[in-house]
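K.L.:
Need coordinates for the following:
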Amino acid sequence: MSEPQGSEGTTRRLPVIERAAEPDRRDPAAYGPPHVPDAGTGGGERRFWSARRVPTALVALLLLLGSGIFLYDIAAVRAHRPAMHWRRELSRQLAARPLDDTWVLIGAGVAAALGLWLIVLAATPGLRRVLPMRRTDPDVRAGLHRDAAAMVLRDRAMEVAGVQSARVRVKRTKADVRAVSHFRELEDVRDDLDATLTEAIRGLGLARPPALSVHVTRTTRKKG
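P.N.:
Coordinates of the predicted model:
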């Protein structure tokens, strides 16, 4: 047998294309949820602004009615017809009553109160019952309702051994938990509630986690 004859009797190695490193399928971090920052990094989140649909609709309706009435009265006067009776009476009362009159002061107070109310609505965000959550994506902003947060904390509190019932009230800066225990020492139950609910509050992902306040009392048994 004869050996195959190359160009110079040598073998050349072909170039090798290295494959990109693939994530380890056994590593849960490779396909898990995105990293959630710590609670201290989300303090800049502000509250959601309310649309204020009801006050806006009331103000728009009042302005529309007032403008329509005044426009009709002015058109009537331009058409050489007498002005409305209420406008003539209002003009006479304003010309005759002094500034320190009781009804003048009451009207001025009501107008000032309405104006202050509108200024407060325009300068405050509202939606106090929605707690802002930490951002994991710059384009997504989420919020959690207080009742939903209270329900989650209550369910976690009921999982603690010794807790018979629990009532949770979540505010902007505080989570008030009142539990009733029917067995175990109260201090032990309180310590377990502190640990469990602290972890639960951290898991809610709130931008400003509320401070936890736990009160545990003993159940009262009926004698009969």
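K.L.:
Quick check: the residue nearest in space to the middle of the chain vs Arg172, distance?
P.N.:
Central residue of the chain (Cα atoms, centre = their mean): Val130, 2.1 Å from the mean position. Applying Cβ to Cβ, to the nearest Å, the value for Val130 to Arg172 is 10 Å. Glycine gets a C-beta too; all of them are placed from N, C-alpha and C.
K.L.:
which residues do those two both contact?
P.N.:
Taking Cβ atoms under 8 Å, 6 or more residues apart in numbering as the contact rule, Val130 and Arg172 touch no residue in common.
K.L.:
Past the helix or strand bottoming out on mean pLDDT in the chain, which element shows up next along the chain?
P.N.:
Ranked by mean pLDDT, DSSP states H and E, the weakest helix or strand in the chain is helix 28-31, scoring a mean of 47. As assigned by DSSP states H and E, the chain's next helix or strand after helix 28-31 is helix 53-78.
K.L.:
Using PDB, write out every CA atom in whichever helix or strand comes after that following helix.
P.N.:
Next helix or strand after helix 53-78 toward the C-terminus (DSSP H and E): helix 85-96. C-alpha atoms of helix 85-96 as PDB (Å, rounded to 0.1, in the frame of the first residue of the first chain):
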ATOM      1  CA  HIS A  85     -83.000  89.500  40.000                       C
ATOM      2  CA  TRP A  86     -80.300  87.600  42.000                       C
ATOM      3  CA  ARG A  87     -77.500  89.700  40.300                       C
ATOM      4  CA  ARG A  88     -79.300  93.000  41.000                       C
ATOM      5  CA  GLU A  89     -79.900  91.900  44.600                       C
ATOM      6  CA  LEU A  90     -76.300  90.800  45.000                       C
ATOM      7  CA  SER A  91     -75.000  94.100  43.700                       C
ATOM      8  CA  ARG A  92     -77.200  96.000  46.100                       C
ATOM      9  CA  GLN A  93     -76.200  93.900  49.100                       C
ATOM     10  CA  LEU A  94     -72.500  94.300  48.300                       C
ATOM     11  CA  ALA A  95     -72.900  98.000  47.900                       C
ATOM     12  CA  ALA A  96     -74.800  98.500  51.100                       C
END
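K.L.:
Provide the angle between the direction of helix 85-96 and the direction of helix 53-78.
P.N.:
Counting by axes from the mean of the first three to the mean of the last three Cα atoms, to 10 degrees, helix 85-96 lies at 90 degrees to helix 53-78.
K.L.:
quick one: contacts of helix 85-96?
P.N.:
Asp73, Pro82.
K.L.:
ok, His215 - contacts?
P.N.:
Asp176, Val177, Arg178, Ala179.
K.L.:
So what's the residue count around the last one?
P.N.:
Meaning Ala179. 24 (other Cβ atoms under 10 Å).
K.L.:
what separates the residue lying closest to it once chain neighbours are set aside from Arg46, distance-wise?
P.N.:
Spatial nearest neighbour of Ala179, excluding adjacent residues (Cβ to Cβ, 6 or more residues apart in numbering): Ala166 at 4.4 Å. Separation of Ala166 from Arg46 (Cβ to Cβ) stands at 31 Å.
K.L.:
So between the two, which is more surrounded?
P.N.:
Ala166 (22 against 10).
K.L.:
That'll do, ta.
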